[in-house]
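J.: curious how this folds, go ahead:
(one chain, ligands or ions: 3)
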Amino acid sequence: MASYARSMTNSSDISTPRSTSPSAASAASARSSHSSISNKRMSVSSSRRISAVNPMSSVDVSAIEQAMKMASLDQLRGYVQNTYGEVHQYKNTEYVTKNQAAGYQVLREPLWNKGLSFTPEDRASKNLTGLLPHVMEPLSIQVERCMKMINTRSTDVDKYLYLSSLKDQNTDLFYRVLMDNIRDLMPLVYTPTIGDVCLQYSTLYTRPEALYISIKQRKSIRTMLRNWPYPNPEICVVTDGSRILGLGDLGVNGVGISIGKLALYTGAAGIHPEKTLPIVLDCGTNNENNLRDPFYLGLRSKRVAPHVAQEFMDEFMEAVAEVYPSMVVQFEDFESEKAFNFLDRYRNKYKCFNDDIQGTGAVILSGYINAVNLSGVPIEEQRLVFMGAGSAGVGVAKQLVEFYTRRGLSEAAAKDKFWLVDTKGLVTKDRGDKLAEHKKYFARIDNNGHQFRTLEEVIEYVKPSALIGLTATFGVFTESVIRALKASVDAGGLQRRPILFPLSNPLTKAECTFEQAVQWTDGTVIFASGSPFAPYTVKTSNGAITYHPNQGNNVYVFPGIGLGAILAKATKITDDMIYTSAASLAASLNADELHKGLIYPRIERVRDASIIVAREVMKAARRGGVSGLPEEQWVEWEEWGDVSLTKFIKERIYNPLVDTHASKI
Ligand SMILES: NC(=O)C1=CN([C@@H]2O[C@H](COP(=O)(O)OP(=O)(O)OC[C@H]3O[C@@H](n4cnc5c(N)ncnc54)[C@H](OP(=O)(O)O)[C@@H]3O)[C@@H](O)[C@H]2O)C=CC1
Ligand SMILES: CC(=O)C(=O)O
Ligand SMILES: [Mg+2]
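T.: Numbers count the residues shown, from 1 in each chain. Ligands and ions are numbered 1, 2, ... in the order given. Below is the predicted model of the structure:
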């Protein structure tokens, strides 16, 4: 991200428009109101911008000084603004356009910097002569250098830090490296490594990479959104850090997940990085380690009450819709109750979806459709046990219910295929505890009052064909559990294969490993995990067999859902758009992948899959009457079929250092 306070130094042969000079900017600011700031922002072309004056978000200094006198420094620690009032900024943020920028400005703005790829003409026209080594290098060599440097780093967090620094210097090169090496690098910018990064985010911190919105600043959300340096972002990932992967409440440190997911919106679907906005809402944290950590960057107080968090969220959603009307909002890693509440509260009002409930639901439905084809257990006979009844467990189970109802089953019959287990055992209506609202739909009554407290008991009772883990608890799929699952599909002596999806992230929270799953099912397992496991090779008397795991992670759908929603100019994200993402992903495997018995496309093809998902999501938006594209456009695409719509998408996505000028989103 561009640093916030880069001041512009004029070069003698580049004239600086009056409106971008610091003095003009402060004169303008004296006259301007918030609406004029907003107008000015809109008038800046959609070209990338860098700061021309110090735009530091100013606060009421005298009030702070006053407060400092009255309170000890320690009491003020953890936040700058000590009131709930609106921040008054002293200055407009003014930017130069890409065409106006020269010399170091160009090299320091990651979106403009092409590094060693700058041509001699660029170097002359942008005053770069001497500011770069003389060589002009092919991109492949630059990518190779980066990979060599990544491989010299001894820990995954260090590798992440190298990549993160590269992203801050040369956006195109970062994404080229990521896209060309997605199998090796996705586990660094995303799960599992991003989990370690989030745990240490405050200590690793060197520079801002997101919008950090504290509840203390809730009256200034619009100002903060407008301070974002790139114009008109179209997709944000927002978390309050309350349930980051399976790692629990990480507070403001959870911002790493917003950053990681958005890197994949670009890497895996081609949404232009300039259009992405990572956000963390800081409502405090109940994580004692954070509260004690001298480096912790968030509010040093317990989380606010749920009704206060909800008011804050209401204000946030209203502000986003007002400041960036075309923004798609992805809710990420909110603890379950908030996740369900916010989705219900906002889904019909704003363009939003919850990745953990809906994205996970879609990706696992997709994998399940393909897994059933391999399992030998007919789709009607499938019985599914879910270990974990949180946002992901219930989200996936509900998506699968929709699958069965779309196939003609009644809702009751579809629901009857699911048994959900939580820390108290099988979720039933009569087990004596107060069930969380989101568990009630799947709570069972078919147990004649008997309560099944362990997973083994549930498996013995249900005889499932599929076992799904979304518990954030390592190792709960024990040898006896997995062998019992295999036994239940083996019954009758048929050659059937168990479906086993330990989906929790990161790897340290996986319900079992791939190796265990292969060993305890004698190699028959159909396996998908949330974070990637390595292939597993077993030596045999006549050689070796290598088993290949699948990664069942919402990364296969959220990039395409976001891309499709943006390109369709969707006003809402409908259930049909989510369902369609699953169905289209399931159908996106190529012949080789099907032949190898995979249930998801190879991760190297995630971008191809995202384009298919985006195309079908767009069509679903139109079917649902939520696409803002003109009808004539749809009629034309219908005449030409998928080829023309696919072409439309491909022409609009970001392809670093190949055709960036052609990117329109
Ligand atoms: N692969 C993917 O794409 C995705 C994976 N996930 C992963 O799913 C996991 C869960 O996420 P989420 O649903 O939001 O989390 P929640 O905290 O909302 O839910 C966890 C559920 O697991 C149950 N649980 C925890 N420990 C046990 C145990 N030992 N035995 C039985 N049940 C247990 C909890 O029970 P109780 O309700 O009684 O507390 C709860 O129902 C995380 O690790 C997350 O990373 C999430 C989204 C996508
Ligand atoms: C992948 C994801 O969204 C999660 O683990 O929460
Ligand atoms: Mg998540």
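J.: residues near Arg153, how many?
T.: Arg153: 15 surrounding residues under other CB atoms under 10 Å. The way it works is simple: take the backbone N, C-alpha and C, and place the C-beta from them, glycine included.
J.: next one: the one 10 residues further on
T.: Leu163 sits with 22 neighbouring residues when counted by other CB under 10 Å.
J.: repeat for the one 10 residues further on
T.: Counted with other CB under 10 Å, the burial measure for Leu173 works out to 24 neighbours.
J.: surely it meets Glu144?
T.: No. Contact criterion CB atoms under 8 Å: Leu173 and Glu144 do not qualify, at 11.5 Å.
J.: can I get stretch 506-525 in CSV, CA atoms only?
T.: Provided in CSV are the C-alpha atoms of stretch 506-525 (Å, rounded to 0.1, in the frame of the first residue of the first chain):
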residue,chain,number,x,y,z
PRO,A,506,-4.7,-23.7,10.1
LEU,A,507,-3.0,-27.1,10.0
THR,A,508,-2.5,-27.1,13.7
LYS,A,509,-6.3,-27.2,14.1
ALA,A,510,-7.0,-29.9,11.5
GLU,A,511,-9.1,-32.7,12.9
CYS,A,512,-6.7,-35.3,11.4
THR,A,513,-3.8,-35.3,9.0
PHE,A,514,-3.8,-36.7,5.5
GLU,A,515,-1.4,-39.4,6.4
GLN,A,516,-3.7,-40.6,9.2
ALA,A,517,-6.7,-40.5,7.0
VAL,A,518,-5.0,-42.6,4.3
GLN,A,519,-3.6,-45.1,6.8
TRP,A,520,-6.7,-45.6,8.8
THR,A,521,-8.9,-46.1,5.8
ASP,A,522,-6.4,-48.3,4.0
GLY,A,523,-6.1,-45.7,1.3
THR,A,524,-9.8,-45.6,0.4
VAL,A,525,-10.5,-42.1,1.8
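J.: list the buried ones in it?
T.: Buried positions in stretch 506-525, judged by neighbour count with 16 or more other CB atoms under 10 Å: 506-514, 516-521, 524-525.
J.: of the residues you listed, list those near ligand 1.
T.: With CB under 6 Å from any ligand atom as the criterion, the buried residues of stretch 506-525 include Lys509 near ligand 1.
J.: count the neighbours of the closest residue to ligand 1 within the stretch 301-450 of the chain for me.
T.: In the stretch 301-450 of the chain, the residue found nearest to ligand 1 is Gly390; the distance is 1.9 Å by CB to the nearest ligand atom. If you count neighbours by other CB under 10 Å, Gly390 ends up with 25.
J.: measure it to ligand 3 for me?
T.: From Gly390 over to ligand 3 the distance is 11 Å, taken as CB to the ion, to the nearest Å.
J.: ok, Thr471 next?
T.: On the measure of CB to the ion, Thr471 and ligand 3 end up 14 Å apart.
J.: let's see the pLDDT reported for Asp60.
T.: Here, the pLDDT recorded for Asp60 equals 50.
J.: ok, now Asn92?
T.: Note for Asn92: predicted pLDDT of 79.
J.: if I look at it, how far off is Glu651?
T.: The spacing between Asn92 and Glu651, counted by CB to CB, to the nearest Å, is 35 Å.
J.: cool, and Glu460?
T.: Distance, Glu460 to Glu651, by CB to CB: 56 Å.
J.: picking up where we left off before, which of Asn92 and Glu651 has more neighbours?
T.: Shown here are Asn92 and Glu651; by other CB under 10 Å, Asn92 has more neighbours (23 against 11).
J.: near ligand 3, which residues of the chain? Just list them.
T.: Taking CB under 5 Å from the ion as the contact definition, the chain meets ligand 3 at Asp333, Asp356.
J.: excluding its backbone neighbours, what's nearest the residue positioned nearest the centre of the chain?
T.: Centre of the chain computed as the mean C-alpha position; nearest residue by CA atoms, centre = their mean is Lys261, 2.8 Å away. Spatial nearest neighbour of Lys261, chain neighbours left out: Val237 (4.6 Å); criterion: CB to CB, 6 or more residues apart in numbering.
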